[in-house]
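Chemist: Sequence and predicted model, in that order:
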2 protein chains.
Amino acid sequence: MDRPSRSAGTVRPGGRTARVRAAVLEATQDALVEHGFHALSMDQIAARAGVGKTTVYRRWGTPAGLVTDLMNELANQSAPHSDTGGIEGDLRANALMVLEAINDPRLGATFQAVIAAATGDEEAARALRTFYRRRIDEWAAVVDLAVARGELPPGTDGKELIKAVSAPLYYRLVVTREPVTREAALASVDRALAAARAGAFVAETV
Amino acid sequence: MDRPSRSAGTVRPGGRTARVRAAVLEATQDALVEHGFHALSMDQIAARAGVGKTTVYRRWGTPAGLVTDLMNELANQSAPHSDTGGIEGDLRANALMVLEAINDPRLGATFQAVIAAATGDEEAARALRTFYRRRIDEWAAVVDLAVARGELPPGTDGKELIKAVSAPLYYRLVVTREPVTREAALASVDRALAAARAGAFVAETV
DNA sequence: AGCCTAATGGAACGCCAGTTTCGATAAGCT
DNA sequence: AGCTTATCGAAACTGGCGTTCCATTAGGCT
């Protein structure tokens, strides 16, 4: 069981190689939507993508490798973050974006697959970390602006505040497995914001 | 592929049957700690438990069935919740209990396994929901007491507050995959409590 | 245009997870 | 104690996953 060589498909990434990758990732997402990560079979993906299974094994190695590549692909599609001019509006926009991503059939299935894969595969875990670190960093900027405008206490930790908005939504998705509703998203914003205004996101000095 | 009959081992649950179950669940936890859910093999569990693999397949059916049974077993071991006499102390006790559970090698591995299993198995998902619903209901009581004492605004939603304390910890465990530290646990309490005091956990009347 | 070789994919193979069969064992009951 | 049968487990079987081999195709470069 060789690790898939990281360079396979990177020396001649032209036409065919790119088409194969697109077809395989597409087929992977379809399979995730229909049957979920646990039922992901390299064989079936190859057949569905109209590609030799040898190729799938060579380039991706395992089901975890497939979803990892999928996540890395998503990481490159940076979502634009609106700037509503007020921290409450910005956080709401963030929460609603997360809400839509989670409830979108394809994206939601992909997220759950990567989360499942990450419990047992270091590459998948890294892809997950990278994806969220980037998203969080991008959105933390709107918190910094709000602090500069005097909307939030000085020293408020932007990354932690953004994480606090998402956390209850993912908690519902993955742990309590309740539906993730618009109400839950907006309530999460209210709570995070109340805590932020009370200074609970200002780092304690030791 | 028959579903494992729900009654298998329940008509004669005496000596041998109980010993087999104990040995298998023990072996399952060991395997989860060492290799994680994705590498769980019914064969190896049977061998490790010193039990015929036919029996393991008959009674549990799939790896997801094994971790589901494990979770149901944990659900019966109700953890005592301390009553420190103040809501801040109570929530801290709760957060530290969650922290310890997540970082305990055996419990932590089991939680992650069930979370992974639940993404693709309805029984595992149900076991997960049942487990947390129960824990949350138990702890929500301390919030009600705090409201009665006048520590928190009337109408504060106890279940939501308890969930808000845990959510960031599980978010770290499963999504951002950062270490879940004592500092994170205490910070989560501070934030949830600040929001609660500001009335952000009082249900909006429509 | 034509060469070189990276990349693909068909076919055959080995191995192991999961199933089936049936005899052995021991739990529960009188 | 002795009977009944639920439960267990060894062995043989099957199917599909993952690998290997090698011929074919088509990027990239001169």
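Modeler: Arrived safely, thanks for sending. Numbers count the residues shown, from 1 in each chain, chains lettered A, B, ... in the order given.

Chemist: going forward, measure contacts between C-alpha atoms and count neighbours the same way
Modeler: Noted.

Chemist: what separates A:Glu138 from A:Lys163, distance-wise?
Modeler: Distance of A:Glu138 to A:Lys163, computed by CA to CA, to the nearest Å: 12 Å.

Chemist: which of the two has more neighbours?
Modeler: A:Lys163 (21 against 17; other CA atoms under 10 Å in any protein chain shown).

Chemist: Who are the contact partners of the more buried one?
Modeler: A:Lys163 makes contact with A:136, B:168, according to CA atoms under 8 Å, 6 or more residues apart in numbering or on different chains.

Chemist: helix or strand for it, which one?
Modeler: Here A:Lys163 sits within helix A:158-171, counting by DSSP states H and E.

Chemist: Compute the mean per-residue pLDDT across that helix, please.
Modeler: Average pLDDT, helix A:158-171: 98.

Chemist: Now do it against helix B:158-170: the angle between them, please.
Modeler: If you take axes from the mean of the first three to the mean of the last three CA atoms, to 10 degrees, helix A:158-171 sits at 120 degrees to helix B:158-170.

Chemist: ok, then the element right after helix A:158-171?
Modeler: Downstream of helix A:158-171, the next assigned helix or strand under DSSP H and E is helix A:182-197.

Chemist: what residues go with each domain of chain A?
Modeler: Following automatic domain parsing, chain A resolves into domains at A:16-74, A:80-197.

Chemist: Would you mind measuring the gap between the ends of the shortest one?
Modeler: By that I understand domain A:16-74. Terminal-residue distance, domain A:16-74 (CA to CA): 21 Å.

Chemist: now swap in the longest one and tell me
Modeler: Taking CA to CA, the first and last residues of domain A:80-197 lie 26 Å apart.

Chemist: Now A:Lys53: closest residue in space that isn't a chain neighbour?
Modeler: Leaving aside its sequence neighbours, A:Lys53 sits nearest to A:Ala46 (CA to CA, 6 or more residues apart in numbering or on different chains; 4.9 Å).

Chemist: which SSE is that neighbour in?
Modeler: Per DSSP H and E, A:Ala46 falls inside helix A:42-49.

Chemist: now A:Ala64
Modeler: According to DSSP H and E, A:Ala64 maps onto helix A:63-75.

Chemist: So what touches that helix?
Modeler: With CA under 8 Å, 6+ apart as the test, helix A:63-75 has contacts from A:25, A:28, A:37, A:40-42, A:60, A:110-111, A:113-114, A:117-118, A:121, A:123-124, A:127-128, A:130-131.

Chemist: tell me which parts of chain A are close to chain B?
Modeler: Residues of chain A lying near chain B by CA under 8 Å from any CA of the partner chain: A:35-39, A:112-113, A:115-117, A:119-120, A:125, A:128-129, A:132-133, A:163-164, A:167-168, A:170-171, A:174-177, A:187, A:190-196, A:198, A:200-201.

Chemist: if we can go back for a sec, quick one: work out the angle between the helix holding A:Lys163 and helix A:182-197.
Modeler: Using the same axes, to 10 degrees: helix A:158-171 against helix A:182-197 is 150 degrees.

Chemist: From the chain's centroid, how far away is helix A:158-171?
Modeler: 13 Å (CA atoms, centre = their mean, to the nearest Å).

Chemist: tilt between the longest helix along chain A and helix A:63-75?
Modeler: Ranked by residue count and defined by DSSP state H, the top helix of chain A is helix A:122-149. Taking the same axes, to 10 degrees, one finds helix A:122-149 and helix A:63-75 inclined to each other by 30 degrees.

Chemist: circling back to that earlier point, buried subset of the residues of chain A next to chain B as a ChimeraX selection?
Modeler: Restricted to buried positions by 16 or more other CA atoms under 10 Å in any protein chain shown, the ChimeraX selection for these reads:
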select /A:36,37,38,112,113,115,116,117,119,120,125,128,129,132,163,164,167,168,170,171,174,175,176,177,187,190,191,192,193,194,195,196,198,200,201
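
Chemist: Go ahead and name everything in contact with stretch A:84-104.
Modeler: Identification of contacts with stretch A:84-104 by CA under 8 Å, 6+ apart yields A:81-83, A:107-108, A:111, A:139, A:142-143, A:146, A:151, A:162, A:165-166, A:169, A:173, A:180-182, A:185-186, A:188-189, A:193.

Chemist: What subset of those is buried?
Modeler: Neighbour counting by 16+ other CA under 10 Å classes A:107-108, A:111, A:139, A:142-143, A:146, A:151, A:162, A:165-166, A:169, A:173, A:180, A:185-186, A:188-189, A:193 among the contacts of stretch A:84-104 as buried.

Chemist: picking that back up, following the helix holding A:Ala46, which helix or strand comes up?
Modeler: Going down the chain from helix A:42-49, the next helix or strand is helix A:53-60, by DSSP H and E.

Chemist: What helices and strands are in contact with that next one?
Modeler: With contacts defined as 3 or more CA pairs under 8 Å, 6 or more residues apart in numbering or on different chains; DSSP states H and E, the packing partners of helix A:53-60 are helix A:42-49.

Chemist: Kindly export stretch A:170-186 (C-alpha atoms) in PDB.
Modeler: What follows is stretch A:170-186 as a C-alpha-only set of coordinates in PDB (Å, rounded to 0.1, in the frame of the first residue of the first chain):
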ATOM      1  CA  TYR A 170     -21.300  22.500  14.000                       C
ATOM      2  CA  TYR A 171     -22.100  21.200  17.500                       C
ATOM      3  CA  ARG A 172     -25.600  20.700  16.300                       C
ATOM      4  CA  LEU A 173     -24.600  19.200  13.000                       C
ATOM      5  CA  VAL A 174     -22.100  16.700  14.400                       C
ATOM      6  CA  VAL A 175     -22.800  16.100  18.000                       C
ATOM      7  CA  THR A 176     -26.500  16.600  18.900                       C
ATOM      8  CA  ARG A 177     -27.500  16.000  15.300                       C
ATOM      9  CA  GLU A 178     -30.400  18.500  15.500                       C
ATOM     10  CA  PRO A 179     -31.400  20.400  12.400                       C
ATOM     11  CA  VAL A 180     -29.300  23.500  11.900                       C
ATOM     12  CA  THR A 181     -31.800  26.200  11.500                       C
ATOM     13  CA  ARG A 182     -31.800  29.900  10.700                       C
ATOM     14  CA  GLU A 183     -33.000  30.600  14.300                       C
ATOM     15  CA  ALA A 184     -30.100  28.700  15.700                       C
ATOM     16  CA  ALA A 185     -27.700  30.700  13.600                       C
ATOM     17  CA  LEU A 186     -29.100  34.100  14.600                       C
END
